[in-house]
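S.K.: Structural data only, the sequence is not supplied:
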């Protein structure tokens, strides 16, 4: 199987198909479109203090701005570097975070809430499930290249 990412002396070499580039390029828009009332929003911003709504609200108030800034920066980094043949470690880390967020959103929308979903045979499945599998493979390959 072709590896999409490989460590080199220059950094993380990128070999994506045109379709993979298109999919990764669409991730920032997918993430921006998450409605605050849908379950996917809860995956991205889980309740930290379930037994103390006041503490949870205070935590969210303290971290919301920093988290949104970091996510915006990561999504922008992905968009700007998507055509590059080589990524720095920092750029690859930003890609990992965006891919991870997208996987959380897709899993929430598909109702996946436990490990083991990937053991079910691929085949006649929703396109979102195929996308989740692809993103998982890319994420795993990128992590391996970084290690």
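M.R.: Noted; the coordinates are in hand. Here the structure is a predicted model, which is why all the values come from computation and not from measurement.
S.K.: any idea which element residue 67 lies in?
M.R.: In this assignment (DSSP states H and E), residue 67 forms part of helix 53-81.
S.K.: average pLDDT across that helix?
M.R.: What helix 53-81 shows for mean pLDDT is 95.
S.K.: Provide the strand pairings for the helix or strand just after it, with the direction of each partner.
M.R.: Downstream of helix 53-81, the first helix or strand assigned by DSSP H and E is strand 86-87. Take DSSP bridges as the rule and strand 86-87 pairs in its sheet with strand 12-14 (antiparallel).
S.K.: For stretch 7-26, which outside residues touch it?
M.R.: Residues outside stretch 7-26 that contact it (CB atoms under 8 Å, 6 or more residues apart in numbering): 2-6, 78-79, 82-89, 91-92, 95, 99, 131, 134-135, 138, 142, 145-146. C-beta coordinates here come from the backbone N, C-alpha and C atoms, glycine included.
S.K.: tell me how far the helix holding residue 67 is from the chain's mean position?
M.R.: Centre-to-centre, helix 53-81 and its host chain are 14 Å apart (CA atoms, centre = their mean, to the nearest Å).
S.K.: Skip the chain neighbours and tell me the closest residue to residue 35.
M.R.: Counting by CB to CB, 6 or more residues apart in numbering, residue 35 lies nearest to residue 41, which is 6.6 Å off, once chain neighbours are set aside.
S.K.: Do me a favour and get the backbone dihedrals for the one you found.
M.R.: Here is the backbone geometry of residue 41 (degrees, to the nearest 10): phi -60, psi -40.
S.K.: pretty sure it is touching residue 32, no?
M.R.: No. Using CB atoms under 8 Å, residue 41 is not in contact with residue 32, being 11.9 Å away.
S.K.: residues shared between the contacts of these two?
M.R.: Contacts common to residue 41 and residue 32, judged by CB under 8 Å, 6+ apart, are absent.
S.K.: which residues of the protein score low on pLDDT?
M.R.: Across the chain, the ranges flagged by pLDDT under 70 are 1, 114-124.
S.K.: center of it - which residue?
M.R.: The centroid of the chain falls nearest to residue 99 when counting by CA atoms, centre = their mean (2.0 Å).
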